[in-house]
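> dropping a prediction and its sequence here:
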Amino acid sequence: MEMPITPEMPITQAEQAVTDRRMAAARRKLAAMLPAVPLIAFLAMFLVIPLAIIVKTAFQDREIAAALPATVEQIVLSASPALPGDDVFATLVDELRAAKKSGLLRPLARRMEYGVEGGSAAIMDASRLATEDLATRDAAEIRQAVIDSNPAWAGPGVWQAMAAGSASYSLFYLKWALGADVKFKADGQAATDGTYDFPAIYLRTIVISLVVTVLTVLIGYPMAYVVATSSGLIGKMLVFLVLLPFWTSLLVRTMSWIVMLQRNGVMNDLLIAGGLVSEPLPLLYTRFATVLAMVQIQLPFTVLPMISVMRAIPPSHVRAARSLGASPLTAHLSVFMPQAVPGIAAGALLTFVLCLGFYLTPALVGGPGDQMVSFFIARFTNEQLNWGLASALSLVLIAGATVIALPLSRYISTHSSGRF
Amino acid sequence: MHQKRYADLPLRIRLPLYIFVGLSLTLLILPLAAALPISLNSAPWFTYPFPGISLRWFEALFGSEIWVGALLNSVVIALATTVLATTLGTLASIGLVNANFPLRRLVMALAIAPMLMPVVVLGLGLFVFFSPIGLNYTFWGVVVAHTLMATPFVIITVTATLTRFDFTLMRAAASLGAGKVTAFRGVMLPLIAPGVGAGAVFAFATSFDEVVMVLFIAGPEQRTLPKQMFTGLREQLDPTIIAAAVTMVVITSVLMVAALAIARKRR
């Protein structure tokens, strides 16, 4: 039991009581936290650290400086970094030889290819020259030998890329992920990335997510209304129908769309039987298939928050409006719907945020032009081993989702009065 | 007292509303209802009507070493994930419902975050993190990744159960001389068991269904059923994949029904 502090208490005793109280509060906090310690440790290890690593990987750019420290220093310090002197070539040959031995050569070649067209070939060709015998020749001869090995070494592009990648941390991958031209041509001009148009991919991700969100709200609102206002067995069955696909595996649901939308599948059969088309349509691997499957998969996520908010709206409000002469539609629009807005916003926000990160469904039912940011993150991680770019794309995705979601979630939490 | 709230809407609004909602529910259910029975089609095509009913695709599934191995891998990984996620999640929930918990909102947000974050981002982070410590392409690497994704479900179900738990019971147990662990095992756990059971089933289902993390982290030794299905779907649709999907749905449904039945009985 805590000791009460009274005015007639001696000072030291009062201080003691205050300290005791603080200690007790601290002990209570510690005791409350104790059972959560394993999870906190787990999350710190396998969520916080990996996310921090993504941030680090997005900015880390050390392959060039690690393999060619002296070369890089010489060209950065020299008066004309784009056209270095003979001595730089000698340093380059020395360092390429060392890089070959230490295993830094392949990462260097890969990074140089990101920075300049033909960069990988230039590095590999010059590294083949880096023999003991060449090291005994004079600088001008070495320069000629390097340029003979690959003409790219004569142009400024390779050297510009090297100078641009000279720091251990840079904005290289972030700029790349944001669609800036980070690559040089061999002649030193900026090369446009013809393979990946990232701004278009972000736009596509946002547009698909937005279309899916709007469709789920339009389809989900009447559904939620009917479910929320039905009671008894029918109400229970409706909730079951909404929840059934929700509990079914995402992969199974995506697979069932592939089965449905086959060229000789159920959907085309229905369309032909209904006389709507005479030839089977190519439905699969299209934007239509992607949006359709995503709407079906996300619908329960949109509907469930709506149902929980709508159930809390007292039916007496609508009845009161009706008894005061409002038409059924007016009563619904001006009394019921405004109270349901927090639920609509929560469902829409949840769906939008989840859609931004969709990978599986577009990868399986979409075409090459329907892939969203996640697809490219997976591709750069697993196929191209470009972790820097994959991390930078992840940062853009997370930052974008947060910027869009945060104001909306503030709005929802202030207007829902803790109903979720 | 049964109240017909629908009396509020006249028929000319109600009828189109019901038709629209009926069609929407069809959209929700139709793909599953249409696709899964095709696993029983005796012919290798994907339309109705079937020339005959047969179990040949299930025979192909359970006769194939690759598919059976994948199924076993999935079960073992899902079981390990369930144990880990349920333990971590249940313990954490007990802390998180306590008002004295410092930074409760932050920890809760962090614990739920894996549910909202793009899976590929989590996969990339774990892959780059695991790479130097040798957890990629290992059993435990996959289990850790799945536990990260499954724990939020455990936390949500268990905290929901705990908000209805009467914590004075714990004080009563303590006043009768029970230690904290004894009180947890003897008083709290039996009462929150339905929530923990439901959380465990969700954890199992999450891992059992998961494919993206497996694509990032797993090696050939951890080839799971969803991974096998994903690979198959990318190449050529084959009714064996539908049979695998049905198997997956059946296993998950049986577990869910069992958890529901246990929860009912206890009440």
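Right, received. Where do you want to start?

> how about the strands in chain A?
With DSSP state E applied, chain A shows strands at A:183-184, A:190-191, listed in chain order.

> which non-adjacent residue is nearest the residue in the stretch 201-350 of chain A that chain B sits nearest to?
Residue of the stretch 201-350 of chain A nearest chain B, by C-beta to the nearest C-beta: A:Ser256 (3.4 Å). C-betas here are computed from N, CA, C, even on glycine. Nearest-residue entry for A:Ser256: B:Ala35, 3.4 Å, with adjacent residues in sequence omitted and distances by C-beta to C-beta, 6 or more residues apart in numbering or on different chains.

> so which elements touch the helix or strand hosting that neighbour?
Element membership for B:Ala35 (DSSP states H and E) is helix B:11-35. With contacts defined as 3 or more C-beta pairs under 8 Å, 6 or more residues apart in numbering or on different chains; DSSP states H and E, helix B:11-35 has these neighbours: helix A:198-229, helix A:232-247, helix A:250-261, helix A:287-311.

> take those and write them to JSON lines, including mean pLDDT.
As requested, those are arranged in JSON lines below (pLDDT from 0 to 100):
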{"stretch": "helix A:198-229", "mean pLDDT": "96"}
{"stretch": "helix A:232-247", "mean pLDDT": "87"}
{"stretch": "helix A:250-261", "mean pLDDT": "94"}
{"stretch": "helix A:287-311", "mean pLDDT": "94"}
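
> can you add mean neighbour count and give those back as TSV?
Below are these laid out as TSV (neighbours: other C-beta atoms under 10 Å in any protein chain shown):
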stretch	mean neighbour count
helix A:198-229	20
helix A:232-247	14
helix A:250-261	24
helix A:287-311	23
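
> if we can go back for a sec, buried sites along the helix holding B:Ala35?
B:17, B:21, B:24-25, B:27-28, B:30-32, B:34-35 (16 or more other C-beta atoms under 10 Å in any protein chain shown).

> now the angle from that helix to helix A:232-247?
Here helix B:11-35 runs at 40 degrees with respect to helix A:232-247, directions being taken by axes from the mean of the first three to the mean of the last three C-alpha atoms, to 10 degrees.

> show me the shaky parts of the stretch 1-150 of chain A.
In the prediction, the stretch 1-150 of chain A carries residues with pLDDT under 70 at positions A:1-9, A:81, A:130-135.

> helices along that one, start to end?
Assigned helices in the stretch 1-150 of chain A, in chain order: A:11-33, A:37-43, A:49-59, A:63-67, A:69-77, A:86-102, A:105-115, A:119-129, A:132-135, A:139-149 (criterion: DSSP state H, counting those that start in this stretch).

> export those to JSON lines and tack on distance to chain B and mean neighbour count?
Formatted as JSON lines, the entries for these read as follows, by distance: least, C-beta to the nearest C-beta, whole Å; neighbours: other C-beta atoms under 10 Å in any protein chain shown:
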{"stretch": "helix A:11-33", "distance to chain B": "4", "mean neighbour count": "12"}
{"stretch": "helix A:37-43", "distance to chain B": "4", "mean neighbour count": "18"}
{"stretch": "helix A:49-59", "distance to chain B": "3", "mean neighbour count": "19"}
{"stretch": "helix A:63-67", "distance to chain B": "15", "mean neighbour count": "22"}
{"stretch": "helix A:69-77", "distance to chain B": "22", "mean neighbour count": "17"}
{"stretch": "helix A:86-102", "distance to chain B": "17", "mean neighbour count": "19"}
{"stretch": "helix A:105-115", "distance to chain B": "13", "mean neighbour count": "21"}
{"stretch": "helix A:119-129", "distance to chain B": "22", "mean neighbour count": "20"}
{"stretch": "helix A:132-135", "distance to chain B": "34", "mean neighbour count": "10"}
{"stretch": "helix A:139-149", "distance to chain B": "33", "mean neighbour count": "17"}
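
> nearest to A:Cys355, out of these?
The closest of those to A:Cys355 is helix A:49-59. By C-beta to C-beta, the value is 20.9 Å.

> which one's the longest helix in chain B?
Among the elements of type helix in chain B, defined by DSSP state H, the one spanning the most residues is helix B:65-96.

> what is that helix packed up against?
Helices and strands touching helix B:65-96, by 3+ C-beta pairs under 8 Å, 6+ apart, are helix A:37-43, helix B:56-63, helix B:104-116, helix B:139-162, helix B:189-209, helix B:225-235, helix B:239-266.

> quick one: contacts of the helix holding B:Ala35?
Residues outside helix B:11-35 that contact it (C-beta atoms under 8 Å, 6 or more residues apart in numbering or on different chains) are A:219-220, A:222-223, A:225-226, A:238, A:241-242, A:244-245, A:248, A:252-253, A:255-257, A:259-260, A:266, A:295-296, A:299-300, A:328-329, B:6, B:9, B:48, B:242, B:245.

> got the angle for that helix vs helix A:250-261?
Between helix B:11-35 and helix A:250-261, the angle formed by their directions is 100 degrees, by the same axes, to 10 degrees.

> sorry, back to before: buried residues in the longest helix of chain B?
Quick answer for helix B:65-96 (16+ other C-beta under 10 Å): B:67, B:70-71, B:73-75, B:77-78, B:80-82, B:84-96.

> residue ranges of each domain in chain A, please.
Under the assignment automatic domain parsing, the domains of chain A span A:11-44, A:63-191, A:198-415.

> run the chain-centre distance for the last one.
What that stands for is domain A:198-415. The gap between where domain A:198-415 is centred and where its chain is centred comes out at 18 Å by C-alpha atoms, centre = their mean, to the nearest Å.

> again with the first one
Between the centre of domain A:11-44 and the centre of its host chain there is 38 Å, according to C-alpha atoms, centre = their mean.

> could you check how many residues crowd around the residue nearest to B:Trp45 when sequence neighbours are not counted?
The shortest distance from B:Trp45 to any residue other than its chain neighbours is 6.4 Å, reached at A:Asn264 (C-beta to C-beta, 6+ apart). A:Asn264 is surrounded by 10 other residues when neighbours are defined as other C-beta atoms under 10 Å in any protein chain shown.

> tell me the phi and psi of A:Asn264?
Dihedral angles of A:Asn264 (phi, psi; degrees, to the nearest 10) stand at phi -110, psi 50.
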